[in-house]
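**Student:** pasted the sequence and its predicted model underneath.
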Amino acid sequence: QKEVEQNSGPLSVPEGAIASLNCTYSDRGSQSFFWYRQYSGKSPELIMSIYSNGDKEDGRFTAQLNKASQYVSLLIRDSQPSDSATYLCAVSSNYKLTFGKGTLLTVNP
Amino acid sequence: KAGVTQTPRYLIKTRGQQVTLSCSPISGHRSVSWYQQTPGQGLQFLFEYFSETQRNKGNFPGRFSGRQFSNSRSEMNVSTLELGDSALYLCASTLGRYTGELFFGEGSRLTVL
């Protein structure tokens, strides 16, 4: 059973702080890694994808991948109340995307 | 550019009935995937279609089925509904072969009484 694990949270950070979201996966053959954001009552939307070891930055978001440790993370710098949402880690292997259950992030003004 | 459209958005059924959900992908997208989302299990993969062929299937019973038409529109069907089938059913499309970079519809919320 291929698994993707995330802390369910809630993770609470003050406005302007760095939010760190973590994800581990069990399938060493996984090739692609994604972070989705889901606001309450809405559908998930893709915010980051990462395919190779290291960091990938996009605005206030940085995705980090360590395949040896089977670990993916998402850093959100200068967190804003509008970042409050559930963040879903997704891992692709053999054309199947497996989602973690998500981490609820709350950014307090 | 229109997004992924799912219909109906909400529906209520009783145990034993069947339901058909529809999904129209973003224009030009040929891959359609279906997911079930529940508070306890999160997002679970149902199946993926590409060019009218089911390419991948999740661990759901045979009561769950789907198909894709030549215009890439997709339907999923659940027969003999059970209470546990109550969930948000999400359709997602992507341009080419399954990439993981999905565009989700708003979902169809199914309640089984």
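**Tutor:** Perfect, thanks for sending it. Computed from a predicted structure; not experimentally measured.
**Student:** could you use CA atoms for every contact and neighbour count after this?
**Tutor:** Will do.
**Student:** packing partners of the helix or strand where residue B:92 lies?
**Tutor:** Residue B:92 belongs to strand B:87-94 when assigned by DSSP states H and E. The elements that strand B:87-94 packs onto, with contact taken as 3 or more C-alpha pairs under 8 Å, 6 or more residues apart in numbering or on different chains; DSSP states H and E, are strand B:31-38, strand B:103-104, strand B:108-112.
**Student:** closest one to chain A among these?
**Tutor:** strand B:103-104 (6.3 Å; C-alpha to the nearest C-alpha).
**Student:** output the contacting helices and strands for that closest one.
**Tutor:** strand A:45-50, strand B:87-94.
**Student:** who touches the host helix or strand of residue A:37?
**Tutor:** Assigned by DSSP H and E, residue A:37 belongs to strand A:32-38. Contact with strand A:32-38 is made by A:44-52, A:72, A:74, A:85-93, B:100-101, as judged by C-alpha atoms under 8 Å, 6 or more residues apart in numbering or on different chains.
**Student:** just the CA trace of it, in CSV.
**Tutor:** Extracted in CSV, the C-alpha atoms of strand A:32-38 (Å, rounded to 0.1, in the frame of the first residue of the first chain):
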residue,chain,number,x,y,z
SER,A,32,6.8,13.5,-9.2
PHE,A,33,5.6,15.5,-6.2
PHE,A,34,2.9,18.1,-5.8
TRP,A,35,1.4,20.5,-3.3
TYR,A,36,-2.3,21.4,-3.6
ARG,A,37,-4.1,24.0,-1.6
GLN,A,38,-7.8,23.5,-0.7
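**Student:** now it and strand A:45-50, what's the angle there?
**Tutor:** With axes from the mean of the first three to the mean of the last three C-alpha atoms, to 10 degrees applied, the angle from strand A:32-38 to strand A:45-50 works out at 160 degrees.
**Student:** do you know the pLDDT at the residue in chain B positioned nearest to chain A?
**Tutor:** Nearest to chain A in chain B, going by C-alpha to the nearest C-alpha, is residue B:42, at a distance of 4.8 Å. Looking at residue B:42, its pLDDT reads 91.
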